[in-house]
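**Q** Just to be clear, the model below is a prediction. Sequence and coordinates:
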Amino acid sequence: MKKKYEINYLSEDFFEKYDSKHFPEIEHKLNRPYLVLVLKVENNTYAIPFRTNVSHKACYRFKNSSRDTHSFTGLDYSKAVVVNDDRYIGTAAFIDEKEFLELNRKYYFIIKQFSAYVSGYKKYVAGELDDFSSKKYRYSTLQYFHSEIGISVKQNIEPKEKAVAASADVPAIHPAVIRRRRKVGRSR
């Protein structure tokens, strides 16, 4: 099976549409281009940024790199964007040779890991995750692409906002906690 991906920059058209004022979680590098891995997952084309300082777990960290850096380099899933319109994809780019070889070796693993991230994000928006599991989705750029990834307008409310809206008097218990308690026979 042929690997279907590209390494590109995002175009100026992308940054004109998704400006930093209205889309603060999308990286806007003024002096440095936004280098991305462009790939198709399900019905969408995603651009996953290459990052030099990846300090969280919502990413793929390269084990091998020739770059002179004392931090982790990788693909940051939390800052991935949907680029279904070809005009948002800029010119072709090149990455470190060791990272390129590793990307080719781990391509299917990265696809699987990123697909799981998108599925987890959908569960986060639906309020199906506990607070600990929700942490990696709070600042995700996928929040700007709900219609593209199949999240209905009804689900666009943050999980904590749902709980607050449900009742101001009663302490909110996350639905996942309620389900766990039912399974083990505990109630509060």
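**A** Good, I have the coordinates.

**Q** Low-confidence regions, this structure specifically.
**A** The chain contains residues with pLDDT under 70 at 1-3, 30-32, 65-71, 153-188.

**Q** Just give me the longest helix of it.
**A** For the chain, the longest helix by residue count, based on DSSP state H, is helix 97-125.

**Q** helices or strands next to the helix or strand following it in the packing?
**A** Next in sequence after helix 97-125, counting helices and strands by DSSP states H and E, comes helix 131-134. For helix 131-134, the packing partners by 3 or more CB pairs under 8 Å, 6 or more residues apart in numbering; DSSP states H and E come out as helix 97-125. Just so you know, the C-beta spots here come from the backbone N, C-alpha and C atoms, and that holds for glycine as well.

**Q** need the contact list for residue 7.
**A** Neighbour list for residue 7: 35-38, 92-95, 100 [criterion: CB atoms under 8 Å, 6 or more residues apart in numbering].

**Q** In strands, which of those residues fall?
**A** Under the assignment DSSP state E, the contacts of residue 7 contribute 35-38, 92 to strands.

**Q** Backbone dihedrals for the residue nearest the centre of the chain, both of them.
**A** By CA atoms, centre = their mean, the mean C-alpha position of the chain lies nearest to residue 78, the distance being 3.1 Å. The phi/psi pair for residue 78 (degrees, to the nearest 10) reads phi -70, psi -20.
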